[in-house]
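>>> The amino acid sequence is not available; the structure is as follows:
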C-alpha cells in the first residue's frame, strides 16, 4: 500500500451534505493526487498537489475542493454532495520523477 | 478529457496461455506505466518505462515503450489464475509541476483454470 491510508474506506451519505475524504501518507512524498473511478470512464484526476498549500485542478474538479496544510495529508471535500459524485475515490502519491502509487480507495455512495 | 486507446477491452483465456495488450495515443509521452487492479483495491504498479524502445520485464510480464513514443504493449506469459484483474496503461506528460497521468480504460483479464 506504499504508506498510504485513505479514510473512511466506505461512506454512505445524503445529497446536499458535506463530505471530506482524507489521504494520509508516511512517505513524505511531494506529489499527492485524488482520482475518481467510474465504470466506462477509468481513472479521472480530480485535483493534485505538488507541495504544501500548492494544488491544481484535474479534469473533473467541479464540485470538489482540496487542501494540503501539511505534507502528509491531502483532503478532498465535496461541499454539497450530489448523486453524480457516487464513486470510488483513490488517492495516489509520488516522489519527484517517480510513478504514482495508490491507496486502497474510498467507496462513497450518495443517496 | 484525453484518454489512451487501450485494447482489447476484455480477454478470457485458458491458464497457461500468453496474453498481449496494448495502448496507443495521439500524443508523445516520456513515460509509460502499466498497473494492475484487483477487485476492491487500488491500482498497483507493474512496470515503468522511461525510454523509447525500452523493453522491461517483471517476472512473467514484459512491457515495451514504442519507438514513436505514442504506444506501449504488455505481454503476460504462461498465465495463471492470479493474473485475473484489470490492467491499465498510463502515459505521463511531465512538464514542471504538471505530472498528470493520461489513462487507458483498462483491459479486463479472466483466466480459466
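Happy to help now that I have it. Quick caveat: nothing in here was measured; it's all calculated off a predicted structure. Numbers count the residues shown, from 1 in each chain, chains lettered A, B, ... in the order given.
>>> So which residues of the chain form strands?
Since you didn't name a chain, this refers to chain A. Applying DSSP state E to chain A gives strands spanning A:4-7, A:10-13, A:19-25, A:31-38, A:42-51, A:54-57, A:65-70, A:73-78, A:87-94, A:101-102, A:106-110.
>>> ah, no, chain B please
For chain B, the strands defined by DSSP E cover B:5-7, B:10-14, B:19-24, B:31-37, B:44-49, B:55-58, B:61-65, B:71-76, B:85-95, B:98-103, B:107-112.
>>> State the distance from the residue of chain A positioned farthest from its centre to residue A:36.
Residue distances from the centre of chain A (C-alpha atoms, centre = their mean) peak at residue A:97, which lies 20.5 Å from the mean C-alpha position. For residue A:97, the distance to residue A:36 equals 26 Å [C-beta to C-beta, to the nearest Å]. In this view, the C-beta of every residue, glycine as well, is placed from N, C-alpha and C.
>>> returning to that earlier point: weakest of the strands of chain B by average pLDDT?
Across the strands of chain B, strand B:98-103 has the smallest mean pLDDT, namely a mean of 79.
>>> circling back to that earlier point, out of the strands of chain A, which comes closest to residue B:51?
strand A:87-94 (18.8 Å; C-beta to C-beta).
>>> Tell me the residues on chain A that lie near chain B, please.
Counting by C-beta under 8 Å from any C-beta of the partner chain, the residues of chain A close to chain B are A:1, A:31, A:40-45, A:48, A:50, A:54, A:56, A:58-60, A:90, A:92, A:94, A:99-105.
>>> Go ahead and build a ChimeraX selection from the buried members of those residues.
Filtering the residues of chain A next to chain B down to the buried ones (16 or more other C-beta atoms under 10 Å in any protein chain shown) takes a single ChimeraX command:
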select /A:31,42,43,44,45,48,50,58,60,90,92,94,99,100,101,102,103,104,105
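>>> where does residue B:27 fall, phi/psi-wise?
Backbone torsions for residue B:27, taken as degrees, to the nearest 10, come to phi -110, psi 160.
>>> Can you tell me the centre-most residue of chain A?
A centroid search over chain A (C-alpha atoms, centre = their mean) returns residue A:34, at 3.1 Å, as the residue closest to the centre.
>>> Run through the bridge partners of it.
residue A:47, residue A:91 (DSSP bridges).
>>> Contacts only, for it.
Listed by C-beta atoms under 8 Å, 6 or more residues apart in numbering or on different chains, the contact set of residue A:34 reads A:21, A:23, A:45-48, A:58, A:64, A:66, A:74, A:76, A:89-91.
>>> cool, residue B:79 as well?
B:13, B:14, B:15, B:16, B:17, B:18, B:19, B:60, B:109, B:111.
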